[in-house]
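Novice: when you get a sec, could you give me coordinates for this:
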Amino acid sequence: SRPLGIEELQKNLQKERKLNIAIARISKPYGNPTILAKFIAGQLKNRVSFRKAMKKAIELTEQADTKGIQIQIAGRIDGKEIARVEWIREGRVPLQTIRAKIDYCFYTVRTIYG
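Specialist: Residues are numbered from 1 along each chain as shown. Next comes the predicted model:
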């Protein structure tokens, strides 16, 4: 039931030394903040408008059944000379509640703008 790419990767890694590797498919990848951050970074590298990238990311997380999301982008947004911070929040993000389970990811991306 596994795709050929995963089995091939496992065989290649086990050729040189004996390794036990468990590769698991993530059922809802855009519910994971690291994967989402890499997606947004890729969009920004491809010169997609930051607002469009954030909206698309929110759309993808809503499909992954998350309760809320907050995205913040900082720096020379869209190549402007003055750096600024832009953020967008959708749904419930209780930052002041200690017992709330919040996944967090910080991801730096080097764009052509610096």
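
Novice: which SSE is the residue most central in space within the chain in?
Specialist: Nearest to the mean C-alpha position of the chain, by Cα atoms, centre = their mean, lies Leu36 at 1.7 Å. Assignment of secondary structure by DSSP states H and E places Leu36 within helix 33-45.

Novice: would it be right to say that Arg89 lies in a helix?
Specialist: No - per DSSP: H, G, I helix; E, B strand; the rest coil, Arg89 lies outside any helix segment and is strand.

Novice: OK, contacts around it?
Specialist: With contact taken as Cβ atoms under 8 Å, 6 or more residues apart in numbering, Arg89 is in contact with Gly68, Ile69, Gln70, Ile71. No exception for glycine: its C-beta is placed from N, CA and C like everyone else's.

Novice: list of residues touching the helix or strand of the chain with the lowest mean pLDDT?
Specialist: Every helix and strand in the chain was compared by mean pLDDT, DSSP states H and E; the lowest is helix 4-16, with a mean of 76. Helix 4-16 has contacts (Cβ under 8 Å, 6+ apart) with Leu19, Ile21, Ile23.
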